[in-house]
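Undergrad: Using only what follows, build the 3D model:
(one chain, ligands or ions: 1)
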Amino acid sequence: MDLPQVKDELVQFNEMIFLYNSAMKEFKLRLEILRDEYKFVHQYDPVYDVLSRIKSIDSITAKLAKQGKAITVENIEKYVDDIAGIRICCNYSTDIYRLVDMLQAQKDIEIINSKDYMNETKTNGYRGYHMIITMPVHLAGRVVPVKVEVQLRTTAMNSWAILEDVLENTYDDYLPEELMKDIKECADMLHAVDKRMIRIQDEVSQYKKERQ
Ligand code: 0O2
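TA: Now for the predicted structure:
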């Protein structure tokens, strides 16, 4: 690649990152409005926390290398779906489906794919709901659909996933069997607690309704 080509690629890269950042901003504002409406109607916030990130250059290049693709802006946009990532943490798994329904009902958000690891638990115990969506970014004179990965997890599963990430990064492919068993058991226990808390929450809401 000669110098003008390198410069051109860098300009394209910066423009791409600007678009992904803008898509995350648009998504977060949309989510904030949905939360405000939900709180107004139900006096309850289905979201505990929202985190967002732009994927690191190291992770982007590793993902392209894994797929045997050259590192170009075109390939990043085509083959890496999670450059812009939003993680929504909810107190209860029922909130996750509430939010999925609300997002699915947004006419201008296209859902490219969904993975329901809440129902189809991964073998290591991971639970969550993942979607790749396109968020319309409103620029001067044009609207650009931009891909965003949205992950929804319970707060319990989020703390589990942070620890599991540490294990993955520490042991690579050689996670000792004992630790593998331990971490899976932790996921199952947290799931049982999540279910129990929903039951308690249901009982409390029922009690409140009866007292009205
Ligand atoms: P990062 O930088 O951590 O976000 P993909 O490789 O994304 O094209 P994949 O892996 O089938 O396809 O997508 P999936 O299953 O939706 O997972 C995407 C992201 O969810 C991962 O991103 C993790 O952040 C998270 N995730 C999925 N499974 C697990 C799990 O078993 N444990 C933990 N701790 N997190 C999980 P990346 O790609 O790892 O990158």
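
Undergrad: Then residue 145 would be within a strand, right?
TA: Yes - counting by DSSP: H, G, I helix; E, B strand; the rest coil, residue 145 is found in a strand.

Undergrad: which residues pair with the closest residue to it other than its chain neighbours across the strands?
TA: Distances taken as CB to CB, 6 or more residues apart in numbering put residue 134 closest to residue 145, at 3.9 Å, once the chain neighbours are dropped. To be clear about C-beta, it is placed using only N, CA and C from the backbone, and glycine gets the same treatment. Beta-bridge pairing of residue 134 under DSSP bridges involves residue 110, residue 147.

Undergrad: separation between residue 17 and the ligand?
TA: 15 Å (CB to the nearest ligand atom, to the nearest Å).

Undergrad: Give me the pLDDT for the residue nearest to residue 145.
TA: Model confidence at residue 134, given as pLDDT, is 98.

Undergrad: Wait, it touches residue 109, no?
TA: Yes - assessed by CB atoms under 8 Å, residue 134 is found in contact with residue 109 at 7.1 Å.

Undergrad: returning to what we had before: to what extent is the residue nearest to residue 145 buried, counted in neighbours?
TA: Neighbour count for residue 134, taken as other CB atoms under 10 Å: 16.

Undergrad: Likewise for residue 23?
TA: For residue 23, using other CB under 10 Å, the count is 23.

Undergrad: Who are the contact partners of it?
TA: 84, 135, 137, 146-148 (CB atoms under 8 Å, 6 or more residues apart in numbering).

Undergrad: Using CSV, lay out these together with distance to residue 170 and neighbour count.
TA: Shown next, in CSV, are the contacts of residue 23 (distance: CB to CB, whole Å; neighbours: other CB atoms under 10 Å):
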residue, distance to residue 170, neighbour count
84, 27, 25
135, 34, 26
137, 38, 21
146, 34, 22
147, 30, 19
148, 29, 25
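
Undergrad: Quick check: residue 86 touching residue 28?
TA: Yes - in this structure residue 86 lies within contact range of residue 28 using CB under 8 Å: 7.1 Å.

Undergrad: got the contact list for the residue nearest to residue 145?
TA: Residue 134 makes contact with 109-110, 112, 145-148, according to CB under 8 Å, 6+ apart.

Undergrad: do you know how far it is from the ligand?
TA: The value you get for residue 134 to the ligand, if CB to the nearest ligand atom is used, is 16 Å.

Undergrad: same deal with residue 7?
TA: Residue 7 sits 28 Å away from the ligand, going by CB to the nearest ligand atom.
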